[in-house]
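> Here is a sequence together with a model predicted from it:
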Amino acid sequence: MRKNPKFFLATIVVLAVVAAVFVYPKFWGANWLPWKLGLDLVGGSHLVYNIDLSKIAESDKDLVVGGIRDVIEKRVNLFGVSEPQVFTAKAGGDAQLVVELAGIKNISDAIKQIGETPQLDFREVEQNGSSTTFIPTNLTGRYVSGAQLTFDQTTGASQVAITFNDEGAKIFEEMTGRNVGKPIAIFLDNNLIEAPTVQQKISGGQAVITGSFSVSDARQLVERFNAGALPAPITLINQQTISPTLGADSLRKVIVAGAVGTLLVMVFMMMYYGMFGVFASFALLIYIALTLGLFKLIPLFTMSLAGLAGFVLTIGMAVDANVLIFERIKEELKRGLPKTGAVEEGFRRAWPSIRDSNISTIITAIILYLFTSSFVKGFALTLLIGVLVSLFSAITTTRLFLRIFIGGKTKSRKLEVKS
């Protein structure tokens, strides 16, 4: 970067221009990868369900809640909802399931489907040439007492242990007796989740599914079993509908506020720091374009009002480093250093303060992201990404501008930092 600053700066500027075109909602980027906007920006429904865990053992509660969340997420996807948000929250002894459906039109059908308890059932498999037929049986989730993750004592491989109640044990024994050497299909909400092959007739109501499971795959299968087997009904306790008009109005206000705030920051920097402020303003515009481009490229990232708030906050924070750097440059100029030397020394001396302040913000953002949910998590993610990119913008982009336009001009008096 020191040997060829013009090339690196040109590369950054080109990337920023491409990113700006990519993120603009009416250019080619909108067709290739449209923005994923949250419920509060495009409207939709916010549903809160209570999960009754009164009949669930304490050791099984987390598995049941995780399994129900997984099942409901699959149900929601059937409606073609753009980036649905499904997450859980604690509510006393029970748990709550929060479902955010952005832009959904037929909310009554969605409520009906989501509100049904997951259905688990076992089916026999009949092979007819290349076709496969699944034959329903009377063995359903009501006969399953639960499932748990276990490990083979010899190989240490992950496996899933299933326990049936007394009535279910008899049905399962008869089914395995007539299907030795054949698979038994297990369905959850009419979706095939596993089809283990019966090795022998199984008595006693205890069965183990073995195979090349990873721990995470086996745990997910246990969650799905328990979601459909254990009695944990869900009940709709709150529904809020947000109109698309309200969301569009909020988005417009945030964009206007962000644009005005950015303009005021740029004006302040140029008025107070002169040409240095001009370079900082260009670096700020590059920062905005690159950061928005990253937001759009991140898989499963949904922009919400909270996320926009986090991003607008980082716009102000993005110039903090420049302020520290420019103040250090002013001090070095007063000491009599030439402009080129003052710039390099200013960056070197300001770096420890910039590093420490940004690391503390990064740690805070990570904690918020890991230990919160929904809107706060979106705010934390945009704040984290924004701080990381702002570090690059201040330390790299601004320095490149100053090196190119100050290098070889140490005798010029046109580039003054106002005191």
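Nice, thanks for sending it over.
> Quick check: next helix or strand after the top helix by length along the chain?
In the chain, with assignment by DSSP state H, the single longest helix is helix 339-371. Counting by DSSP states H and E, the next helix or strand C-terminal to helix 339-371 is helix 374-392.
> List the buried residues of that next one.
374-375, 377-391 (16 or more other CB atoms under 10 Å). (Each C-beta comes from the backbone N, C-alpha and C, glycine too.)
> I'd like the distance from that helix to the chain centre, please.
Once both centres are worked out by CA atoms, centre = their mean, to the nearest Å, helix 374-392 turns out to sit 12 Å from its chain's centre.
> looking at it, residue 186 is touching residue 119, isn't it?
No - with contact defined as CB atoms under 8 Å, residue 186 does not count as touching residue 119 (11.6 Å).
> More neighbours: these two, which one.
residue 186 (24 against 15; other CB atoms under 10 Å).
> Am I right that the more buried one is in a strand?
Yes - judged by DSSP: H, G, I helix; E, B strand; the rest coil, residue 186 forms part of a strand.
> what comes up buried for the helix or strand containing residue 282?
Taking DSSP H and E as the definition, residue 282 sits inside helix 275-297. Neighbour-count burial for helix 275-297 flags 275-296 (criterion: 16+ other CB under 10 Å).
> Now do that helix and helix 374-392, the angle between them.
140 degrees (axes from the mean of the first three to the mean of the last three CA atoms, to 10 degrees).
> Now tell me what touches the helix or strand just after helix 275-297 from outside.
Downstream of helix 275-297, the next assigned helix or strand under DSSP H and E is helix 305-318. With contact meaning CB atoms under 8 Å, 6 or more residues apart in numbering, helix 305-318 is reached by 38, 40-41, 250-251, 254, 257-258, 261-262, 265, 284, 287-288, 291-292, 295, 361, 375-376, 378-383, 386-387, 389-390, 393-394.
> and what of stretch 399-408?
Taking CB under 8 Å, 6+ apart as the rule, stretch 399-408 contacts 1-2, 5-6, 8-9, 12, 275-276, 279, 282-283, 339-340, 343, 347, 415.
> tell me the mean pLDDT over that stretch?
On average, the pLDDT along stretch 399-408 is 76.
> now it: how far from the chain's centre is it?
Relative to the centre of its chain, stretch 399-408 is centred 39 Å away, using CA atoms, centre = their mean.
> what's the answer for stretch 59-69, then?
21 Å.
> Now do the buried residues in the helix or strand containing residue 269.
Counting by DSSP H and E, the element that carries residue 269 is helix 244-273. For helix 244-273, a neighbour-count test (16+ other CB under 10 Å) marks 247, 250, 251, 254, 258, 262, 265, 266, 269, 270, 273 as buried.
> how big is the angle separating it from helix 305-318?
Going by the same axes, to 10 degrees, helix 244-273 makes 0 degrees with helix 305-318.
> for helix 244-273, packing partners?
Here helix 244-273 touches helix 39-42, helix 275-297, helix 305-318, going by 3 or more CB pairs under 8 Å, 6 or more residues apart in numbering; DSSP states H and E.
> now these as TSV including mean pLDDT and distance to residue 333?
Converted to TSV, the helices and strands packed on helix 244-273 look like this (pLDDT from 0 to 100; distance: least, CB to CB, whole Å):
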stretch	mean pLDDT	distance to residue 333
helix 39-42	74	46
helix 275-297	90	11
helix 305-318	83	24
